[in-house]
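**Q** pasted the sequence and its predicted model underneath.
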Amino acid sequence: MTILIVDDTEMSAQLMRVILESAGYETAQATDGAAALSRLEDGPTPDLILCDVQMPGMSGLEFVQAVKQRPEWAAIPIVMCTVSTDADTVRQAVALGCAGYVVKPVNGPALLKKVGELLGQAA
């Protein structure tokens, strides 16, 4: 199973990579929404996407909207990973079709539990 991490902060992306790879997942990374869309275009399609909300250029919410508009990508579960706990941001993420929301700094067991639930695997 491959998980695409979309985050402009290298330390956050690296932490998620270590957590996920230690649990046996393969990871790919993009540093912003535009790079992530290019990665999706080039394939292969990831099984799940972890995406930061606040990124330069295209925000995480704009990225989610772009992904969900494409029929070939619409079913990919997306989990927002962000420092923001703003209720409006959470509502927007859910309204756009996000499957979950994880607050940073990421808690390893909580992240693996959410990923496992969405991918139909035990954490």
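**A** Cool, the structure landed.
**Q** the residue positioned nearest the centre of the chain: what secondary structure?
**A** The centre of the chain sits closest to residue 50, judged by C-alpha atoms, centre = their mean, with a distance of 1.2 Å. Look at residue 50: counting by DSSP: H, G, I helix; E, B strand; the rest coil, its state is strand.
**Q** cool, residue 28 as well?
**A** strand.
**Q** how about it, nearest residue that isn't a chain neighbour?
**A** residue 4 (4.9 Å; C-beta to C-beta, 6 or more residues apart in numbering). Quick note: C-beta positions are derived from backbone N, CA and C, even for glycine.
**Q** so the one you found makes contact with residue 39?
**A** Yes - counting by C-beta atoms under 8 Å, residue 4 does reach residue 39; the two are 6.5 Å apart.
**Q** re earlier: note down every partner strand of the strand or helix carrying the residue nearest to residue 28 and its orientation.
**A** Residue 4 is located in strand 2-6, with elements delineated by DSSP states H and E. In the sheet, strand 2-6 lines up against strand 26-30 (parallel), strand 48-51 (parallel) (DSSP bridges).
**Q** what's that strand in contact with?
**A** 13, 16-17, 20, 25-33, 35-36, 39-40, 44, 46-52, 55, 60, 63, 115 (C-beta atoms under 8 Å, 6 or more residues apart in numbering).
**Q** and those residues, which are buried?
**A** Neighbour-count burial (16 or more other C-beta atoms under 10 Å) is assigned, among the contacts of strand 2-6, to 13, 16-17, 20, 25, 27-33, 35-36, 39-40, 46-52, 55, 60, 63, 115.
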